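In: Test case, fold it:
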Amino acid sequence: MELLLNNTTFLASIQNIVSFPVFVTAVAALVTAIAGIFFNYWNLKNAKEQWITDSKSQKEQWIADAISQLQDHYLSIMVQERLKTYAPVLKTLGEVRDIPDPEEKHWDMLKEHPEILLRVADELLFHLYGQAGLLMEMDTRNSLLNAFFSCYQFQQKDIKFEKVVFDFYQARRKLRADLQLQDRGEPTKLNSEIAYFRQLLGNNTHTV
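Out: I've put the predicted structure just below:
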């Protein structure tokens, strides 16, 4: 009987030894499964967030591209319309040239007959309130207004003739900028041109 009990105890011990690895394996499998579930959930969550981010970025890029195309199309149409209407304006501004003939007869004529500038001023006013004026940038309109006022101020002897020349010069530059023909020369060259005209104006010139 004692031998039987000893055998039974021995067999139970063996079963316990065999069952322990099985238990550990089962626990490990359960932990692995739970970890897999969390890992898959985390991947799906990240994938969803990435998809939302990518979709938002793609949508914003589409909108930006569409706006850019519309702006380019609008600018193209605007430049074409300006080309149709700016030629007469430039011709009027050409009545006062910033580069006179070698003997300066052009400038002398305008100085001796300032009434010519009154006709030019009327033409500028016509352009400002016509189709060309409608298409101008505000800076361009202001530059034409400066040229307009200069004509009358010189007629009244309130400013020097060089101020008239400078205002017409600036107006032509603004017209070119509206047509995307803005001078791309070196800034130093542009500054030297402006400095030249300011030197001509002197310190006692009335400003508009």
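In: any idea how far Ala147 is from Ile99?
Out: 16 Å (Cβ to Cβ, to the nearest Å). Any C-beta I mention is one placed from the backbone N, CA and C, and that applies to glycine too.
In: which of those two has more neighbours?
Out: Each of Ile99 and Ala147 has its neighbours counted (other Cβ atoms under 10 Å); Ala147 has more, 28 against 7.
In: What is the three-state secondary structure of the more buried one?
Out: With DSSP: H, G, I helix; E, B strand; the rest coil as the basis, Ala147 sits in helix.
In: give me every residue that touches it.
Out: Applying Cβ atoms under 8 Å, 6 or more residues apart in numbering to Ala147 gives the contacts 93, 96, 124, 164, 167-168, 170-171.
In: Out of these, which comes closest to Leu118?
Out: Leu124 (10.6 Å; Cβ to Cβ).
In: So which of the contacts of Ala147 belong to strands?
Out: Judged by DSSP state E, the contacts of Ala147 include no members of strands.
In: farthest pair in those residues?
Out: Top of the distance list for the contacts of Ala147 (Cβ to Cβ): Leu124 and Gln170, 13.0 Å.
In: so who does Leu90 touch?
Out: Going by Cβ under 8 Å, 6+ apart, the list of residues near Leu90 reads 172, 175.
In: Which of the helices or strands spans it?
Out: In this structure, Leu90 sits in helix 2-93 according to DSSP states H and E.
In: and the helix or strand that comes right after that helix, what does it pack onto?
Out: Once helix 2-93 ends, the next helix or strand along the chain (criterion: DSSP H and E) is helix 105-112. Here helix 105-112 touches helix 115-128, helix 161-178, going by 3 or more Cβ pairs under 8 Å, 6 or more residues apart in numbering; DSSP states H and E.
In: hmm, 10 Å instead?
Out: With contacts taken as 3 or more Cβ pairs under 10 Å, 6 or more residues apart in numbering; DSSP states H and E, helix 105-112 sits against helix 115-128, helix 138-155, helix 161-178.
In: Now tabulate those in a markdown table and tack on mean pLDDT and distance to Ser55.
Out: Compiled in a markdown table, these are given as follows (pLDDT from 0 to 100; distance: least, Cβ to Cβ, whole Å):
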| stretch | mean pLDDT | distance to Ser55 |
| --- | --- | --- |
| helix 115-128 | 94 | 49 |
| helix 138-155 | 93 | 40 |
| helix 161-178 | 91 | 40 |
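In: what ranges of this structure fall below the confidence cut-off?
Out: Within the chain, the stretches with pLDDT under 70 are 1-24, 26-28, 31, 64-68, 70-72, 74, 100, 104, 182-208.
In: ok, now with 90
Out: 1-84, 97-114, 135, 155-157, 159, 176-208 (pLDDT under 90).
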